[in-house]
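Q: Have a look at this prediction, sequence included:
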Amino acid sequence: MNKKALLAVPTIAMGMLAFGGAPALADDHAASYSSTLGQLNGTTGSGSITMDVQGNQATVNLTVNGLAETFMDGPYPHVQHIHGGAQGVCPTPENDENGDGIVSVSEGAGGYGGIVTTLSTSGDTSPAAGLDLTLGGQGGSYTVSRTFEVNADTKAALEAGTAVVVVHGLDPATAGVSEEVFNSPSDLNPDLPLGATSPALCGTLMASQMGAMPQGGADTGVEQQTGSNLGMIALGGGLVLAAAAGGTYAVRRATSK
């Protein structure tokens, strides 16, 4: 299959925990946040993010390197979000409840809550755009640099220290499981492969000393290899999955990169 086949699937609805679409806050409060994203599920890549909030405007700079590069003969689409409203912690290998070697979305979901902002490459940043593949990062290395209006739920999560950044999409060559396990039905939708919907990188956004937030510090809140934050993505309080157009698909190990 080719890139056109991939883009025929505009969304993978891993679902989103509805946060009500609260209006953005309009004030002059300024704060800065950052995180170094830790690895999960055999990921060998890396990532970092800074987020500066001034009133109801947020400027985000996200850099990701070394993730899975290709999918269906085209760039691998990686979606990423800010989650909030829960404990603000990353899943660990101990969250692999069924022992299959992959910490799935549902297994790691309890620590970081639902999507509050989609870190899309352009356009919509609401939870509704959470799994629009056309707005995801493309390929193994990319940046997302943009300014957008921050909503009240995201701002509340940032101020509470529970905002977590999660990047999805594993590399079958490094996940450490067989192709059978990697391509087994996703816990979110049986028409999607488990590896393609599972978290690869994540980290807790912490207030920096330059921000107006108390308890500022540069702590990222995540260990580089085994500790990472992944988010449950839920719509209307339930895990709702939209099947990929054209039926079940599989991610294969690339013969070369």
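A: Structure's in. What do you need?

Q: partner residues bridging Val144?
A: Beta-bridge pairing of Val144 under DSSP bridges involves Leu62.

Q: just checking, it touches Val60?
A: Yes. Contact criterion C-beta atoms under 8 Å: Val144 and Val60 qualify, at 6.4 Å. No exception for glycine: its C-beta is placed from N, CA and C like everyone else's.

Q: Overlap of the contact sets of the two?
A: Leu119 (C-beta atoms under 8 Å, 6 or more residues apart in numbering).

Q: who has more neighbours, those two?
A: Legend: neighbour count by other C-beta atoms under 10 Å for Val144 and Val60, higher for Val60 (21 against 18).

Q: Could you find the closest non-adjacent residue to that one?
A: Once flanking residues are discounted, Val60 sits nearest to Met51: 5.1 Å by C-beta to C-beta, 6 or more residues apart in numbering.

Q: Please, which helix or strand holds that neighbour?
A: Using DSSP states H and E, Met51 sits within strand 46-54.

Q: Can you tell me what sits against that strand?
A: 28-37, 39, 58-66, 150, 155, 158, 165, 167, 201, 203, 205, 224.

Q: So in the chain, where's the weakest helix or strand by average pLDDT?
A: helix 3-7 (a mean of 38; mean pLDDT, DSSP states H and E).

Q: Is there a neighbour count for Thr121? I'd like the number.
A: Applying other C-beta under 10 Å, we find 20 residues neighbouring Thr121.

Q: Once you drop chain neighbours, what's closest to Pro193?
A: Asn183 (4.5 Å).

Q: The one you found and Asp132: what is the separation?
A: 23 Å (C-beta to C-beta, to the nearest Å).

Q: hang on, isn't Tyr33 packed against Ala157?
A: No. Using C-beta under 8 Å as the test, Tyr33 is too far from Ala157 to be in contact (10.3 Å).

Q: can you list residues touching both of the two?
A: Common neighbours of Tyr33 and Ala157 (C-beta under 8 Å, 6+ apart) are Ala163.

Q: what's near enough to touch Ala129?
A: Residues in contact with Ala129 (C-beta under 8 Å, 6+ apart) are Thr118, Ser120, Gly123, Leu135.

Q: What ranges does the protein have for its strands?
A: Along the chain, the segments classed as strands by DSSP state E run 30-39, 46-54, 57-65, 70-71, 74-75, 77-78, 80-84, 114-118, 137-138, 142-149, 164-168, 199-204, 206-207.

Q: quick one: average pLDDT of stretch 101-110?
A: Per-residue pLDDT over stretch 101-110 has a mean of 86.

Q: same question but for stretch 137-145, I mixed them up
A: What stretch 137-145 shows for mean pLDDT is 95.

Q: so how far does it reach from one end to the other?
A: This stretch, stretch 137-145, spans 11 Å end to end (C-alpha to C-alpha, to the nearest Å).

Q: So Thr59 is in contact with Val150, correct?
A: No. The criterion here is C-beta under 8 Å, and Thr59 misses it with Val150 at 9.7 Å.

Q: Give me the more crowded residue out of these two.
A: Higher neighbour count among Thr59 and Val150: Val150, with 24 against 15, using other C-beta under 10 Å.
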